[in-house]
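Colleague: Next one to model:
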Amino acid sequence: MKRMIILLFSIFSIVIFSQNIESYTEEIRQEEYIKGKILSLENVIKNGYNEQDGIREIEEYKVKILEGEDKNKEVLVQSPVYEERAYNIFIREKQNIVLYKESSDEAGNTYYIVDIDKRDSILVIIGIFVALTIFIAKLKGIKALLSLVIVVAIIYNIFLPMIANGYSPILISTLCALLCSTITIFLTTGFSQKGIVAILGAVAGVIIAGVISMYFSYKMAMTGFVSVEALNYSALLQGIRVREIISAGVILGSMGAVMDVSMSISSALTELKAVASNITKKEIFDSGMRIGADIIGTMVNTLILAYIGSGILSTLFIYLQKEQFPLIRILNFESVAADILRAFAGSIGILVAVPITSYLCCVLFAKKNS
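Modeller: Modelled structure (predicted):
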């Protein structure tokens, strides 16, 4: 019965997620962004532009429209080449692109190149990931992929809408972490003793990480606007508790790593108990702590390096300006402080999950023996 409930919930989440994707795709269509393909470079216009425009020349491409009312039609589309390379779109022949369609009664349809179409590459790398997961892990790989789809559906359909409606990001992220951990572990291990222990240990670690991040974010007077982009879109964030989003990110970001640690310890101690049925509570706890110590050595590095990697460009900017800003200024940039808070609060969640999971194993095994 329990497995049937999980299965029905999984199907329900996937259906809702697919419906939202369809509605999002429909919104994109209303914005008149369509797919095209570069056939050839027809002309390069170098006259009439100067340094004040920031444009070096105009490239004119023959483009085949692949969507919309002009599908299969070939048109000429211009793309500016700027003096500053960072503003340019690097276009190659036979490449799929994203076009913006502008309609008018007098001129008809006019198209502009706005970006390279990256969807095919995204699908390829996702396909490789799915294929390797199923090939290596077989049935458990399929369950893992199903849990991943459900987690994404929960974040997209529950977490983000409720935050946008003004609910507490910390509360919602905690509830979502609980739900995601439960579904992921139960799909992986079934309704077993080790699964229950792993869920409880993971949730405890995630909650502690969230509490620590919330305390220090308020103590450091964090605003939540950790980047210039966030300040630019502040008008869209009216009614949203931006300050709590840092802590919500810590809860969701550390969930996977904490869940991995808890599941590893719980699974190992379960196998240990099955082999040595006369093992004592103290021996179980000590074994869990030793196993956890080995896991911590790599898992803490993994989490901190993941945060450094995600903000590598910001880290590089700080390094390049190290001569201009003293350490006291660098460490007080909100973006830097937020990344440090995320990394170490999440790592604390991993650390505390080890003794909690080991202790829970002692308690449940003792009850089972009695």
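
Colleague: So which residues of this protein form strands?
Modeller: Counting by DSSP state E, the chain has strands at residues 33-45, 55-65, 74-82, 96-104, 108-116.

Colleague: got those as JSON lines, with distance to residue 336, mean pLDDT and mean neighbour count columns?
Modeller: Any C-beta I mention is one placed from the backbone N, CA and C, and that applies to glycine too. What follows is the strands of the chain, written out as JSON lines (distance: least, C-beta to C-beta, whole Å; pLDDT from 0 to 100; neighbours: other C-beta atoms under 10 Å):
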{"stretch": "strand 33-45", "distance to residue 336": "35", "mean pLDDT": "88", "mean neighbour count": "16"}
{"stretch": "strand 55-65", "distance to residue 336": "36", "mean pLDDT": "87", "mean neighbour count": "18"}
{"stretch": "strand 74-82", "distance to residue 336": "31", "mean pLDDT": "86", "mean neighbour count": "16"}
{"stretch": "strand 96-104", "distance to residue 336": "34", "mean pLDDT": "86", "mean neighbour count": "16"}
{"stretch": "strand 108-116", "distance to residue 336": "30", "mean pLDDT": "85", "mean neighbour count": "15"}
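
Colleague: What is the burial count for residue 256?
Modeller: Using other C-beta atoms under 10 Å, residue 256 is surrounded by 20 other residues.

Colleague: now do the one 5 residues further on
Modeller: Counted with other C-beta under 10 Å, residues neighbouring residue 261 total 26.

Colleague: OK, contacts around it?
Modeller: 201-202, 205, 292, 295-296, 299, 350, 353-354, 357 (C-beta atoms under 8 Å, 6 or more residues apart in numbering).

Colleague: Ok, residue 137 next?
Modeller: By C-beta under 8 Å, 6+ apart, residue 137 lies in contact with residue 144.

Colleague: Then residue 364?
Modeller: When contacts are counted by C-beta under 8 Å, 6+ apart, residue 364 is found next to 193, 196-197.

Colleague: What pLDDT does the model give it?
Modeller: Looking at residue 364, its pLDDT is 79.

Colleague: Can you report how many residues lie near the nearest residue to residue 208 once chain neighbours are set aside?
Modeller: Computed as C-beta to C-beta, 6 or more residues apart in numbering, the closest residue to residue 208 that is not its neighbour in sequence is residue 352, at 5.1 Å. By other C-beta under 10 Å, the residues close to residue 352 number 19.

Colleague: Distance-wise, check residue 352 relative to residue 124.
Modeller: From residue 352 across to residue 124, the span is 40 Å (C-beta to C-beta, to the nearest Å).

Colleague: just residue 256 next, same as before
Modeller: Look at residue 256 and residue 124: by C-beta to C-beta, they are 24 Å apart.

Colleague: residue ranges with poor pLDDT in the protein?
Modeller: Counting by pLDDT under 70, the chain has low-confidence residues at 1-31, 48-53, 105-107, 227-234, 366-370.

Colleague: Centre-most residue in it?
Modeller: Centroid-nearest residue in the chain: residue 253, 7.9 Å away (criterion: C-alpha atoms, centre = their mean).

Colleague: Distance check, the closest residue to residue 117 other than its chain neighbours against residue 65.
Modeller: Sequence neighbours aside, residue 96 is the residue nearest to residue 117 in space, at 3.9 Å (criterion: C-beta to C-beta, 6+ apart). Separation of residue 96 from residue 65 (C-beta to C-beta): 12 Å.

Colleague: Between the two, which contacts overlap?
Modeller: With contacts taken as C-beta under 8 Å, 6+ apart, the residues that reach both residue 96 and residue 65 are residue 36.

Colleague: Touching, residue 245 and residue 167? I think so.
Modeller: No: with contacts counted by C-beta atoms under 8 Å, residue 245 stays clear of residue 167, the gap being 11.9 Å.

Colleague: residues contacting the closest residue to residue 250 other than its chain neighbours?
Modeller: Sequence neighbours aside, residue 213 is the residue nearest to residue 250 in space, at 4.0 Å (criterion: C-beta to C-beta, 6+ apart). Contacts for residue 213 were tallied using C-beta under 8 Å, 6+ apart; they are 246-247, 250-251, 341-342, 345.

Colleague: now do residue 307
Modeller: Residue 307 sits next to 253, 339, 342-343, 346 when contact means C-beta under 8 Å, 6+ apart.

Colleague: quick revisit: so can I have TSV of the strands of the chain showing distance to residue 149?
Modeller: Shown next, in TSV, are those (distance: least, C-beta to C-beta, whole Å):
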stretch	distance to residue 149
strand 33-45	25
strand 55-65	33
strand 74-82	37
strand 96-104	26
strand 108-116	27
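
Colleague: I'd like to know which of these is closest to residue 279.
Modeller: strand 108-116 (58.8 Å; C-beta to C-beta).

Colleague: which residues sit against that closest one?
Modeller: The contact list for strand 108-116 (C-beta under 8 Å, 6+ apart) reads 33, 36, 61, 63, 65, 69-70, 75, 77-79, 89-91, 95-104.

Colleague: So in that sheet, which strands flank that strand, and in what orientation?
Modeller: Strand 108-116 pairs in its sheet with strand 96-104 (antiparallel), by DSSP bridges.
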